[in-house]
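Asker: turn this into a model:
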Amino acid sequence: KPEQADKIKFEGIYGEIAVAASYPGAAGDLGSTDDNIDLAKKYTASKNVNGSFEQGQIVRVEITPVFSESAPEGFYEITDILPAGFRYVKPERYEINVCYPIRRSGQRVVFAYHYSKETPQKSLVYFARAAVPGTYTADHAVIKHTNTNTRVLSDRITVKIQKP
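Answerer: Purely as a prediction, here's the structure:
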């Protein structure tokens with residue numbers, strides 16, 4: 001805890017040391033936003049009824065960045081975190097012209113995205129299995145321009161998984 005930091009002591013340590021720190025805060029504290037970029041996220045499936053999915057069902061997650069004419073061109077990183085009741089589904093085969101995650105760890109899925117005014121804008125699509133029944137909050141997806149501190153968040157979404 002912060003109030004205990006002055007009293008901490010380490011002894012007899014050999015080798016390399018790593019430190020991890022966590023600072024809870026509001027999503028808006030992540031950095032500046034840009035009105036020239038918008039980010040939307042939606043969950044769909046063949047039997048989707050009012051944001052509810054059946055347990056075991058494969059759900060399509062679509063993240064759509066929208067750039068205005070004055071948005072900075074270049075590379076962006078888009079990070080999404082699946083709700084706790086969903087599990088990422090690895091594609092059975094890879095196809096050209098489809099965006100795949102550059103990193104995945106647990107519920108976190110990270111994509112690289114290149115925006116240019118000369119190329120059409122496209123959505124990112126990946127799949128997840130509705131695994132555990134319950135009501136979940138799909139947290140903000142985040143898009144960050146790699147050369148600036150500009151970050152934009154999608155809205156939160158409530159999704160439900162029901163037993164079949």
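
Asker: neighbouring strands for the helix or strand bottoming out on mean pLDDT in the chain, and are they parallel or not?
Answerer: With mean pLDDT, DSSP states H and E as the measure, the helix or strand of the chain carrying the lowest mean pLDDT is strand 151-153 (a mean of 89). Take DSSP bridges as the rule and strand 151-153 pairs in its sheet with strand 142-145 (antiparallel).

Asker: just the CA coordinates for the strand it pairs with, please, in CSV.
Answerer: Once non-C-alpha atoms are left out, strand 142-145 reads as follows in CSV (Å, rounded to 0.1, in the frame of the first residue of the first chain):
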residue,chain,number,x,y,z
VAL,A,142,-9.1,1.4,-27.1
ILE,A,143,-7.5,2.7,-30.2
LYS,A,144,-4.1,4.5,-29.9
HIS,A,145,-2.1,6.2,-32.5
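
Asker: what's in contact with that strand?
Answerer: By Cβ atoms under 8 Å, 6 or more residues apart in numbering, the list of residues contacting strand 142-145 from outside reads 30-31, 34, 37, 39, 65, 72, 74-80, 113, 150-154. Every residue, glycine included, has its C-beta placed from N, CA and C.
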